[in-house]
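Engineer: Any chance you could fold what I've pasted below:
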Amino acid sequence: MSMTMTADTPAPAWRSRTLTALFVAVGMAATVGTALGFQYIGGYIPCKLCLEQRLPYYIGVPVMLLATVASALRFPAWIVRGLFAIGGGLMLWGLYLGVYHSGVEWSWWAGPTDCGAVEGGDTTRDILSQLNDVIPPSCDKAALRILGLSFAGWNAVASLFWAAIAFRGAAARD
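Structural biologist: Predicted coordinates for the structure are as follows:
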């Protein structure tokens, strides 16, 4: 019997886990990168809740990169599965934050009372002229809707997607 792999031979579990972890890490980075692009290129100033929705990604990307490295180095499967579960849990947190913010935008429930501009302005200009240029964002107003969903709504969709893949990776067996 030949020991060579053919196209019909399934890839080893560690290779599949490595690629899945890398896919989730890159996807999470692209998701938060899109938000940053809308902010820095598109000029959309994030509100307090928008910034909070980025936290699961800021934590999750390094966790999933760690899962990628751990899988590629063939650490015990329970470690890689645990990192997938952490990544999935972070994305469930992101889902919660996206749904909460969407509900605030749709007036289903009240948002935080302190939601206003959170970024500092350009200190080289006087404050009065800055007030005319920058309108502080409000958590209860969607800055933009695409196909009926706000940024928060799309974050909920993306978080659910990444959570499902991460939990699938956590549940995968050798």
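Engineer: In contact with the nearest residue to Ser16 once chain neighbours are set aside, which residues?
Structural biologist: Nearest residue to Ser16, sequence neighbours excluded (CB to CB, 6 or more residues apart in numbering): Ala172, at 7.1 Å. Quick note: C-beta positions are derived from backbone N, CA and C, even for glycine. Counting by CB atoms under 8 Å, 6 or more residues apart in numbering, Ala172 touches 13, 16-17, 20, 81.
Engineer: give me the element Val104 is part of.
Structural biologist: Assigned by DSSP states H and E, Val104 belongs to helix 77-105.
Engineer: Packing partners of that helix?
Structural biologist: helix 13-40, helix 48-72, strand 149-150, helix 151-171 (3 or more CB pairs under 8 Å, 6 or more residues apart in numbering; DSSP states H and E).
Engineer: which of the residues in the first one are buried?
Structural biologist: For helix 13-40, a neighbour-count test (16 or more other CB atoms under 10 Å) marks 14, 17-18, 20-25, 27-29, 31-32, 35, 38-39 as buried.
Engineer: Now do that helix: distance to the chain's middle.
Structural biologist: 8 Å (CA atoms, centre = their mean, to the nearest Å).
Engineer: again, but for the shortest one
Structural biologist: Between the mean C-alpha point of strand 149-150 and the mean C-alpha point of its chain there is a distance of 16 Å (CA atoms, centre = their mean).
Engineer: Now do it, average pLDDT.
Structural biologist: The average pLDDT for strand 149-150 rounds to 78.
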